[in-house]
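Chemist: Here is my input, please return the structure:
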Amino acid sequence: MLDALPPWLQKFLPILFLLVAIGVVVRRLPKVDLGHSEGFRKRRTLNWIPLGLAYAFLYFGRYNLSAIASELDKAGILAKDLFNEIDGTGQWVYGIAFLINGPLTDRFGGRVTMLAATAGSAVMNLMMALAFSDASSGELVGAELQQRLLVLNAINMYFQSFGAVSIVKVNAAWFHVRERGVLGGLFGILISLGLYFSYDWSLAIAKSFDYAMAFWVPAGVLAACVLATFAFVRDTPGTAGFADFNTGDATSGDSQVRLTPLQVVARMFSQRVIWVIVGIEFCSGFLRQAVMKQGRLYLIAIEGRESFFYENWGMLMCVAGILGGVFAGFISDHVFHSRRGPVSSVLYAGMLVGAVAAFAFLGHPALGWAVVFMSLCVIGVHGMLSGTASADFGGSKYAGLVTGVIDGFVYLGGGAQAFYYAMSLPKGDAAKDAASWSSWPGAMLPVVAIGLILCATIWNARPKSGGGH
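Modeler: Predicted structure coming up:
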């Protein structure tokens, strides 16, 4: 019976079943009762859904180049080392952009900056679609295509960098600290759905039509997200007709004069825990991109296009990420009493097991499951720290800048892995030998170990509320 369904629906069914099962379980969990009215909860859901979908679809317009990179490499259009240079440049632009975009988000609110993210990325995807159309017609070849993609991808990543700071900024005003563990799990689910859209949809679109369509479609979807964000998203309960409330984070109850961005950063880094979190997130960024992007390149080189993992990469990353995000959110709020350090430690220990297994299974089909498990763990950590701890320790007042700083280190780590692997991964015929890929899991092992040690040092860290509870 399942064979009669369209291929895209066959891939989406496991995700749908998993989301339904998680929804049933979450509804049966003990609720954190903070006295919210039913009307408030409904309006918060109406705020959360379009904002969350906009964030997920930003991934559709961010990882689509990565999704077709292996096809471009095989076709001789863009070698994997050139793709890694383009990707590394874009990730560093994303990472450094927080210096501008974090303060802008705190100044103008997450709604405005999410509009900028979706609109800007839609335009850049449209321009990349035109670049591939020119390439297919012969008007753009070789180094010219690489240079155009490098510039357009970098600008796209600038606009994309508004995404995480915007969603955390808005949700920091709508969710209490005691509710944010599950929120971090939802953040992980959004990342996971975005990866599914990017990797499986983009690849299917490129195969069914052409490379340009893998950019045209996200551009259209992001344009729809602009309209939905404008219509439904509001920055705070107060702007949606409800009373604002004490969220219990680092700036709740803080009635002091607003600090400048430099003062916020200085106050941030006066806390030892922030130094540790950015170190962990640098490691997480390295590992997340090493698993997702280099893993896809490994699969097509060693196992080919017919590989189960290559064909279903987005679906597998999505399911793993959903499980990791929900697991992290549940144990944070219901086992570790809203502490993020213990959760991150557990997940980093899992990543260490996965990295050792990946190194041991080079050339063996079981390697695919090792990297899927690593993805489960790293998305859970990212949701806990970038999606949750940043709001806890930055507070709702400065959530944009603090999230920007923390998420910026994620992408600095991601850029570092891209440039490293551009130099170290095998090229040409050597790439067909699994043993020549030892630098891939080999580089992940020390990064995982450092991240695990850092996680253990913030086991008992909690935010200090500016105004009490």
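Chemist: Please enumerate the helices of the stretch 101-250 of the chain.
Modeler: With DSSP state H, counting those that start in this stretch as the criterion, the stretch 101-250 of the chain has helices at 110-136, 142-160, 162-174, 180-196, 202-208, 213-232.
Chemist: Which positions within the shortest one qualify as buried?
Modeler: If I follow you right, that is helix 202-208. 202-206 (16 or more other CB atoms under 10 Å). For every residue, glycine as well, the C-beta is placed using N, CA and C.
Chemist: So for it, mean pLDDT?
Modeler: Mean pLDDT, computed over helix 202-208, is 90.
Chemist: Ok, the third one next?
Modeler: For helix 162-174, the mean pLDDT works out to 86.
Chemist: Residue 216 versus residue 64, what's the distance?
Modeler: As judged by CB to CB, to the nearest Å, residue 64 and residue 216 stand 10 Å apart.
Chemist: now residue 281
Modeler: 33 Å.
Chemist: Who has more neighbours out of those two?
Modeler: Neighbour comparison, residue 281 and residue 216: the larger count goes to residue 281, with 29 against 19 (by other CB atoms under 10 Å).
Chemist: ok now do the more buried one, which residues does it touch?
Modeler: 382, 385-386, 406-407, 409-410, 413 (CB atoms under 8 Å, 6 or more residues apart in numbering).
Chemist: picking that back up, mind listing the shared neighbours of residue 64 and residue 216?
Modeler: Shared contacts of residue 64 and residue 216, defined by CB under 8 Å, 6+ apart, comprise residue 125.
Chemist: Just want the phi and psi numbers for residue 212.
Modeler: Residue 212 adopts backbone torsions of phi -60, psi -40, taken as degrees, to the nearest 10.
Chemist: Tell me who's in contact with it.
Modeler: 129-130, 132-133, 136.
Chemist: Could you find the closest non-adjacent residue to it?
Modeler: Nearest non-adjacent residue to residue 212, counting by CB to CB, 6 or more residues apart in numbering: residue 132, 4.0 Å away.
Chemist: thought that neighbour was touching residue 205?
Modeler: No: between residue 132 and residue 205 there is no contact under CB atoms under 8 Å: 11.9 Å.
Chemist: shared neighbours, these two?
Modeler: residue 214.
Chemist: next SSE after the least confident helix or strand in the chain by mean pLDDT?
Modeler: Lowest by mean pLDDT, DSSP states H and E among the helices and strands of the chain is helix 390-394, with a mean of 57. Next helix or strand after helix 390-394 toward the C-terminus (DSSP states H and E): helix 399-424.
Chemist: Report the rounded mean pLDDT for that following helix.
Modeler: In the prediction, helix 399-424 has an average pLDDT of 85.
Chemist: Give the buried residues for it.
Modeler: For helix 399-424, by 16+ other CB under 10 Å, it's 399-422, 424.
Chemist: next one: stretch 259-270
Modeler: 259, 261, 264-265, 267-268.
Chemist: With stretch 128-135 instead?
Modeler: 128-135.
Chemist: Mind putting those residues into JSON lines with distance to residue 176 and pLDDT?
Modeler: Putting those into JSON lines (distance: CB to CB, whole Å; pLDDT from 0 to 100) gives the following:
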{"residue": "128", "distance to residue 176": "40", "pLDDT": "96"}
{"residue": "129", "distance to residue 176": "42", "pLDDT": "96"}
{"residue": "130", "distance to residue 176": "46", "pLDDT": "95"}
{"residue": "131", "distance to residue 176": "46", "pLDDT": "94"}
{"residue": "132", "distance to residue 176": "46", "pLDDT": "93"}
{"residue": "133", "distance to residue 176": "49", "pLDDT": "91"}
{"residue": "134", "distance to residue 176": "51", "pLDDT": "88"}
{"residue": "135", "distance to residue 176": "50", "pLDDT": "85"}
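Chemist: Turn the residues you listed into CSV, columns for distance to residue 79.
Modeler: Converted to CSV, the buried residues of stretch 128-135 look like this (distance: CB to CB, whole Å):
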residue, distance to residue 79
128, 18
129, 21
130, 22
131, 17
132, 16
133, 21
134, 19
135, 14
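Chemist: pLDDT below threshold where in the stretch 101-250 of the chain?
Modeler: For the stretch 101-250 of the chain, applying pLDDT under 70 flags the ranges 180-188, 248-250.
Chemist: Contact partners for residue 214?
Modeler: Contacts of residue 214 (CB under 8 Å, 6+ apart): 64, 67-68, 129, 132, 202-203, 205-206.
Chemist: rerun that using 10 Å as the cut-off
Modeler: 60, 64-65, 67-68, 71, 125, 128-129, 132, 198, 201-208 (CB atoms under 10 Å, 6 or more residues apart in numbering).
Chemist: State the distance from it to residue 198.
Modeler: Residue 214 is 9 Å from residue 198, by CB to CB.
Chemist: same thing with residue 170?
Modeler: Distance, residue 170 to residue 198, using CB to CB: 23 Å.
Chemist: Same drill for the two, tell me which one is more crowded.
Modeler: residue 198 (30 against 27).
Chemist: The more buried one and residue 218 touch, don't they?
Modeler: Yes: contact criterion CB atoms under 10 Å: residue 198 and residue 218 qualify, at 8.3 Å.
Chemist: what's the overlap in contacts for the two?
Modeler: Residues touching both residue 198 and residue 218 (CB under 10 Å, 6+ apart) are 57-64.
Chemist: if we take those, which one ends up nearest to residue 297?
Modeler: Nearest to residue 297 among the shared contacts of residue 198 and residue 218, counting by CB to CB, is residue 63 at 13.5 Å.
Chemist: What is the neighbour count of the closest one?
Modeler: The tally of other residues near residue 63 (other CB under 10 Å) stands at 25.
Chemist: residues in contact with it?
Modeler: The contact partners of residue 63, by CB under 10 Å, 6+ apart, come to 69, 87, 160, 194-195, 197-199, 202, 218, 289, 292-293, 314, 317.
Chemist: Which single one of these is nearest to residue 44?
Modeler: The closest of the contacts of residue 63, once distances to residue 44 are taken by CB to CB, is residue 194, at 21.4 Å.
Chemist: how close does the nearest residue to that closest one once chain neighbours are set aside get to residue 356?
Modeler: In this structure, residue 194 finds its nearest non-sequential neighbour in residue 59, 2.5 Å apart by CB to CB, 6+ apart. Residue 59 sits 29 Å away from residue 356, going by CB to CB.
Chemist: Now do the phi/psi pair for residue 260.
Modeler: According to degrees, to the nearest 10, residue 260 has phi -80, psi 160.
Chemist: Next: the one 10 residues further on.
Modeler: Dihedral pair for residue 270: phi -80, psi -10, per degrees, to the nearest 10.
Chemist: The helix or strand where residue 368 lies to helix 399-424, inter-axis angle?
Modeler: Per DSSP H and E, residue 368 falls inside helix 367-384. Relative orientation of helix 367-384 versus helix 399-424 (axes from the mean of the first three to the mean of the last three CA atoms, to 10 degrees): 150 degrees.
Chemist: just how off-centre is helix 367-384 within its chain?
Modeler: Helix 367-384 sits 12 Å away from the centroid of its parent chain (CA atoms, centre = their mean, to the nearest Å).
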